[in-house]
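>>> fold the following.
(chains A, B and C)
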Amino acid sequence: MKLIHAIAATVLALGLAACTKPTQVQPDAGAQAPVTTTDSGATTSGLGAEGGTAGSGATAAPSAQQQAIAELNAKNIVYFAYDSSEIQSQYVPVVAAHAAYLTKYPAARMRLEGHTDERGSREYNIGLGERRAQTIRKALLLQGAADSQITTVSYGEERPAVEGSDEAAYAQNRRAVLVEIQ
Amino acid sequence: MKSESVRSRPVARRVTFTMLAALVVAFPVQAQLRLDITEGVRDAVPIAVVPFGGQAANAATDVAAVVANDLKLSGRFAPLERADMVTRPTSGDAIRFQDWRLLKSDFIVVGRVEPDAAGSAVTFELFNVQTGQPLLTQRLPTTERGMRATAHRIADLVFERLTGTPGAFSTRVAYVSAEGKPPAQRYKLIVADADGFGPRTVMDSAEPIMSPAWSPDGQTLAYVSFEGKASSIYVQRLASGERRRVSARSGINGAPAWSPDGKRLALTLSRDGNLDIYTLDLASQTLSRVTSDSAIDTEPEWAQDGGSLYFTSDRAGNAQIYQVALGDTREAQRLTFTNSYNARPRLSPDGESLAMVTLDRGGYRIATLDLKTRNLRVLTDSTQDESPSFAPNGAVIIYATQTRGRGSLAMVSADGRFQQRLSSEQGDVREPVWSPFPRR
Amino acid sequence: MPDFAREHLRPLMGSAALHLALLAILAGAALNWTAQQPPVQLAIEGTVVQYKDLPRSLRSGKAITEPAPVAVAPAPQPEPVKPPEPARDLQAEAAKAAAQAKEAAVLERRRLDQARAVEVKQAQAREAAAAEKHKAENAEARHKAEADAKLEKAAREKAAQAAKLKAAREADIKRALAAEEEGAAIAQSGVMDEYRALLVQTIERNWIRPPSARAGLECTLNVTQATGGTVIDVKLGACNGDQAVRESIANAVYRSSPLPAPRDPRAFERRLVIVFKPTE
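Residues are numbered from 1 along each chain as shown, chains lettered A, B, ... in the order given. Okay, the predicted model is just below:
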């Protein structure tokens, strides 16, 4: 990735910040503690969730960082072609924006999620989703992010964005999601 | 005719006579007509399971109905509709075989439930309708609560007598269900009887659950849970519900598979940034690495002797099935060369074939690979099939498919002849896995 | 007897002398005869062996097919002895001598005759004995020949019978072949093929193949049907299939009962040999 592109993308992103749409809540269900029901009827609660929830609701006037987070999380999906983990050119700016943020705020943390469409074997799709997440991660690292700032997880086909078994639905589900946490 | 030199007239006469005599033997004066049958029909065998005597109309378990349904699920039998049964004998001496021949049944099961010292006893009799020959009869003591299990046992016995294969009707299946529309889905891990009866939720989560796997003793399920927004592997005892987290290493923890002795798990980790296979000793928590290349290596499955693993790898550019020896993990042998995608190997109980998902003519279907001939045979003709799992008698494979856009379960006989969908009441169901035979 | 000998001493002596002389002649003749036997021209090449020349071991009398050669030479006819002519001088003496001689001659002749008669009788007796022996031998030979002839006859009869049987069997074969030809004619005319196809179709439609009935399976059923097609009997022949297969093929036949009838009733066959041999 050329540095000039990254700078241009950052400038563009900041410029666009003024006219973004209302915040979209990312498809990320709250991390409630799972409940284990057993044969004997007892309910055991599982372990607490690690890594805090996405903090999208702010009471006071959002700080610049928080605003940046909100804006980034509004544009954080990179879609992929079938059976591919290559970042297509139209998503380069997206990655660059997140990279810039991470570079700017060393304490920032993000989670990278890899997803696939529903076709094929589930565990193998975990691998494909992981491959996509890793590609984004490498791109971020190349653009200045630190290793410790990024956590990757692959959901394979388990968390589709949309239901459906047609090509349109598949295209929507083949994605990586860059979630800025803090 | 052999040419023989005529030595002298008497010899010649003798030879001619012998040859003529041979002709007489070959074409006896009494004729026979020979027929060559080279094919038949691949239907289910018609069988009549007559309602058992001694059962109240509102009995909790209709034994004959359970038996008939089990036989039907196996795909090998077509039970006669009750409405077609003109008579309902409950013992062998009351059967008029002529009636049942007219109804085109090949076999008939009759029986009765009677009070017994400890509760009840169920007696059944199996006959060949065409010959009237009794084939099997047994008396099974039981209780009201155990009636359903007894019915499954009867189905097992009838199935084994008629097919030579043990029945798998007293076993269970585990599967995952997802309810709600994405992205807000709720996930459950469910265990039910092999015929789908009595589903019980054993784990419930807001995060995905994947890859349930039965321990060899049928008492424990291993599975992957995304609780905490990362995948970890848990092992849960079914009777008590207690569970242990056995692997939560950074990155991916997936695809748990029990070794045949139940002491180790093969699993997939992404410690080095890409998926590789490891084995984990459950007692000592010792981890051993099996694969170490930059490709995706996952979905391990143990060989019967516990000495090697089958797995999915895309080291050749696309997903194929490989085998690697645990004693020497340097080289893995590729097993599949047909089609551009083969994944998720599962070994048959007799160790002779692997079930898998294959990309065949544009659709993801269930196929079996014969390990001796390396011949791949596609069993299903739908396009979204995955997660095949053998019944412990090797006769049937349960798998996940799509019905009207929703995940559902289906069964196919191991030779691909019989298929049937199972009704899915609980949302979107996937990843069925068949329990081993219950330990007696 | 001693009185007779004393009374007729002279004739007896003369007779004895005559006998001796005759015997001597006979012996000489016989001996000569033997030595001068001309070579016998035989139809088959072989060495002619006199029975009496055979070693004792071969004289047992068995397995001699040819009748023993008659080695008894007929007694040669004795030459008539001419009485001596009496002299003319001494007519009276001569006459007396002649008369005496005549008397003597007559006596002599009578004696000779007697002797000859005795001799002849003896010869006859001897001849008779010889003849009897000969007859016996002949009879033996004849018996043997008869027995042989009987054996031969029996053998001939047996052969004849065998030949008759063979002829009968050949006739049967001929008939069977003819029937076969007729059957073949029927077969060739397509009626048999049609019938066979009809039966095969019916049974295939009713055979529910278990999964274990794979290529390599070969099982034979021997089925008997009644005229109407009802299956009367099903017997399992050689079969390399498991129990499920065996039951399935038997049921296939039972379920097909009554079997369809052929278009041409001549094609009907009571006994069917049904071979189950799936191709894949």
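>>> which residues touch residue B:142?
By CB atoms under 8 Å, 6 or more residues apart in numbering or on different chains, the contact set of residue B:142 is B:119-122, B:149-150. No exception for glycine: its C-beta is placed from N, CA and C like everyone else's.
>>> quick check: the residue of the stretch 251-400 of chain B nearest chain C.
Using CB to the nearest CB, the closest approach of the stretch 251-400 of chain B to chain C is made by residue B:395 at 8.1 Å.
>>> in contact with that residue, which residues?
By CB under 8 Å, 6+ apart, the contact set of residue B:395 is B:74, B:76, B:163, B:165, B:168, B:413-414.
>>> with residue B:191 instead?
B:172-174, B:199-200, B:202, B:221, B:238.
>>> let me have the residues you listed in a markdown table, adding secondary structure and distance to residue B:157 as columns.
Formatted as a markdown table, the entries for those read as follows, by DSSP: H, G, I helix; E, B strand; the rest coil; distance: CB to CB, whole Å:
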| residue | secondary structure | distance to residue B:157 |
| --- | --- | --- |
| B:172 | strand | 19 |
| B:173 | strand | 21 |
| B:174 | strand | 25 |
| B:199 | coil | 26 |
| B:200 | strand | 26 |
| B:202 | strand | 30 |
| B:221 | strand | 28 |
| B:238 | coil | 26 |
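>>> do the one helix or strand residue B:245 maps to and chain A meet?
In this structure, residue B:245 is located in strand B:243-247 according to DSSP states H and E. Yes. For a cut-off given as CB under 8 Å from any CB of the partner chain, strand B:243-247 has contacts with chain A, namely B:243, B:245.
>>> what's the following helix or strand after that strand?
Secondary structure here is assigned by DSSP H and E; on that basis, the next helix or strand after strand B:243-247 toward the C-terminus is strand B:253-258.
>>> residues of stretch B:57-66 that come out buried?
Neighbour counts over stretch B:57-66 (16 or more other CB atoms under 10 Å in any protein chain shown) mark B:61-66 as buried.
>>> farthest pair in those?
In the buried residues of stretch B:57-66, the most distant members under the criterion CB to CB are B:61 and B:64, with 10.0 Å between them.
>>> ok so, going back, closest one of the contacts of residue B:142 to residue A:164?
Comparing the contacts of residue B:142 against residue A:164 with CB to CB places residue B:149 closest, at 41.5 Å.
>>> okay, helices next: where are they in the chain?
Since you didn't name a chain, this refers to chain A. Across chain A, reading from the start of the chain, the helices by DSSP state H fall at A:3-17, A:64-74, A:92-104, A:122-142, A:167-173.
>>> that was the other one, I meant chain B.
In chain B, helices defined by DSSP H lie at B:9-26, B:63-73, B:97-102, B:147-163, listed in chain order.
>>> residues in contact with the last one?
Contacts with helix B:147-163, where a contact means CB under 8 Å, 6+ apart, come from B:45, B:47, B:59-61, B:63, B:66-67, B:70-71, B:74, B:76-77, B:107, B:109, B:111, B:113, B:120, B:122, B:124, B:126, B:135-136, B:138, B:140, B:142, B:165-170, B:193-195, B:197, B:395, C:210, C:244, C:247.
>>> show me those residues that map onto strands.
Among the contacts of helix B:147-163, the members falling in strands are B:45, B:47, B:77, B:107, B:109, B:111, B:113, B:120, B:122, B:124, B:126, B:135-136, B:138, B:140, B:142, B:193 (criterion: DSSP state E).
>>> can you turn the buried part of those into a ChimeraX selection?
Provided next is the ChimeraX selection string for whichever of those are buried by 16+ other CB under 10 Å:
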select /B:45,47,77,107,109,111,113,120,122,124,126,135,140,142,193
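>>> where does the closest residue to residue B:305 other than its chain neighbours land on pLDDT?
Among residues not flanking residue B:305 along the chain, residue B:260 sits closest, at 7.4 Å (CB to CB, 6 or more residues apart in numbering or on different chains). The pLDDT attached to residue B:260 in the predicted structure is 96.
>>> please name the residues that touch residue B:260.
When contacts are counted by CB under 8 Å, 6+ apart, residue B:260 touches B:216, B:302, B:304-306.
>>> of those, buried ones?
Listed as buried from the contacts of residue B:260 are residue B:302; burial here means 16+ other CB under 10 Å.
>>> adding distance to residue A:180, write the contacts of residue B:260 out as CSV.
Converted to CSV, those look like this (distance: CB to CB, whole Å):
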residue, distance to residue A:180
B:216, 45
B:302, 42
B:304, 49
B:305, 50
B:306, 46
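>>> and which of the contacts of residue B:260 is nearest residue B:39?
The shortest approach to residue B:39 among those belongs to residue B:304, at 34.3 Å (CB to CB).
>>> phi first, then psi, for the closest one.
Dihedral angles of residue B:304 (phi, psi; degrees, to the nearest 10) stand at phi -60, psi -30.
>>> once you drop chain neighbours, what's closest to residue B:104?
Counting by CB to CB, 6+ apart, residue B:46 is the residue found nearest to residue B:104 once chain neighbours are left out, at 5.6 Å.
>>> surely residue C:26 is in a helix?
Yes. The assignment for residue C:26 is a helix, going by DSSP: H, G, I helix; E, B strand; the rest coil.
>>> how close does it get to chain B?
52 Å (CB to the nearest CB, to the nearest Å).
>>> residue contacts, the residue lying closest to residue B:213 once chain neighbours are set aside?
Counting by CB to CB, 6+ apart, residue B:213 lies nearest to residue B:222, which is 4.6 Å off, once chain neighbours are set aside. Contact criterion CB under 8 Å, 6+ apart gives B:211-213, B:215, B:233-236, B:246, B:256, B:258, B:265 as the residues in contact with residue B:222.
>>> show the buried residues in those.
The neighbour-count test (16+ other CB under 10 Å) applied to those identifies B:211-213, B:215, B:233-236, B:246, B:256, B:258, B:265 as buried.
>>> out of these, list just those in strands.
Cross-referencing the buried ones among the contacts of residue B:222 against strands under DSSP E gives B:211-213, B:233-236, B:246, B:256, B:258, B:265.
>>> tell me where the chain is predicted with low confidence.
I went with chain A, as the question did not name one. When residues are selected by pLDDT under 70, those of chain A lie in A:1-61.
>>> hmm, no, I was thinking of chain B.
B:1-30, B:424-426, B:440.
>>> which single residue of it ends up nearest chain A?
Nearest residue of chain B to chain A (CB to the nearest CB) works out as residue B:241 at 2.2 Å.
>>> does that residue touch residue B:202 like I think?
Yes. Using CB atoms under 8 Å, residue B:241 is in contact with residue B:202, at 6.8 Å.
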